[in-house]
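>>> Here's my sequence, what's the structure:
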Amino acid sequence: MFNNTDKRYNQFSAYLKNKFGAKVYKITIDAGFSCPNRDGTISSGGCIFCDDTGSFSQAHSNRFSIDEQIKSGAETLSKRFKAQKFMSYFQAYTNTYKPVNELEKIYRQSLNHPDIVGISIGTRPDCVDEDKLNLISDISKDYYTWIEYGLQSSHDKTLKKINRGHDYDCFLRAYEKTKEKGINVCVHVILGLWESRDEMLETAQRLANLKIDGIKIHMLCALQNTKLAQMYEQGEIDFMSEDEYVNLVCDFLEILPPETTIHRLAGNGYRKTLVAPRWLGAKLDTLNRIDREFLRRNSYQGIKYSS
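Model (predicted):
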């Protein structure tokens, strides 16, 4: 139903293949960024779910230059997945958390490879300003460009509980400024943050009203050496079952506009450090279950969306 596939949601990888006429994969880059919510600028300790790798990054070590990381990543993805085009992806920590002159050197360096067609920059909504957005907007004239904002929830009580360090209004201001610059925005949300079903679907409705360009949906999980793992081990919290998650993801996608690209619904990169829930990490199984649930419902992304 979407991008000439049998998917009932607007899968980003299929969207990219349609757009560029080739398989496009992200090359994850580690440029040595930090985060104001971990270095004490905003608060101490960072978000309760974030581990020492900066929230699930599988990046190369920043001991290697950006050029080396791009070259190695392109070779690996070409051999493993037959990728033909690439996007440079700054994932770990807060990738706008440097002066704008340094950011320009870093971003431009990541675009040197001849098969790079775009760039995606993961950051926080409280770590962008006019100069940084102007830089990224300038890059977007020649490259397919995204900013990925970690929102996690639209509810301030939840953002406070996870020690996020900003509120929903902060996200809205950053989102509006970014869209004014013509930059694509992908929003990260986490399901399972001790919210009711209605509260989580209220986040979906708010994002639908914004007509967001893309979304990454994560399942809350506890990784080793995080505050969240400590809370779990002390019996303070629990996590959703896979059935609950699959049903909620389908509910969430039904509310979003059909044009919103879906960048992530499941992950498999946590096995070495995953504490709970133990079902997480079998990415293909979870994605297959989401497909089957949509089929069972005879439903699809956007069925409940109204502009």
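>>> all contacts plus neighbour counts: C-alpha atoms, from now on.
Fine.
>>> show me where this structure has strands.
Ranges of strands within the chain are 24-29, 85-90, 116-123, 144-152, 184-191, 214-219, 222-223, 261-264, 274-276, based on DSSP state E.
>>> With mean neighbour count, mean pLDDT and distance to residue 299 as new columns, can those strands be given to me in TSV?
What follows is those, written out as TSV (neighbours: other CA atoms under 10 Å; pLDDT from 0 to 100; distance: least, CA to CA, whole Å):
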stretch	mean neighbour count	mean pLDDT	distance to residue 299
strand 24-29	24	97	28
strand 85-90	26	98	31
strand 116-123	22	98	30
strand 144-152	22	98	25
strand 184-191	21	98	20
strand 214-219	21	97	19
strand 222-223	26	92	31
strand 261-264	20	98	16
strand 274-276	19	92	30
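>>> closest to residue 136 out of the ones you listed?
Residue 136 lies closest to strand 144-152 among the strands of the chain, at 7.7 Å (CA to CA).
>>> for that closest one, packing partners?
Helices and strands touching strand 144-152, by 3 or more CA pairs under 8 Å, 6 or more residues apart in numbering; DSSP states H and E, are strand 116-123, helix 168-180, strand 184-191.
>>> residue contacts, the nearest residue to residue 132 once chain neighbours are set aside?
Spatial nearest neighbour of residue 132, excluding adjacent residues (CA to CA, 6 or more residues apart in numbering): residue 100 at 5.8 Å. By CA atoms under 8 Å, 6 or more residues apart in numbering, residue 100 lies in contact with 131, 132, 135.
>>> OK, contacts around the first one?
Yep, that's residue 131 we're talking about. Contacts for residue 131 (CA under 8 Å, 6+ apart) come out as residue 100.
>>> Use 47 as the first number from now on
Noted, 47 is the first residue going forward, which turns the last one into residue 177.
>>> so where is the stretch 47-196 of the chain shaky, pLDDT-wise?
90, 99-108 (pLDDT under 70).
>>> Can you list the residue ranges for helices in it?
58-66, 112-127, 146-155, 176-185 (DSSP state H, counting those that start in this stretch).
>>> quick one: contacts of the longest one?
In this case it means helix 112-127. The contact list for helix 112-127 (CA under 8 Å, 6+ apart) reads 71, 73-77, 106, 129-130, 132, 134, 152, 155-156, 158-159.
>>> hmm, try it at 10 Å
Contact with helix 112-127 is made by 69-77, 105-111, 128-135, 152-153, 155-159, 161-162, as judged by CA atoms under 10 Å, 6 or more residues apart in numbering.
>>> And for the shortest one?
Helix 58-66 is contacted by residues 48-51, 53, 67-72, 130-131, 163, 260-261, 306-310 when judged by CA under 10 Å, 6+ apart.
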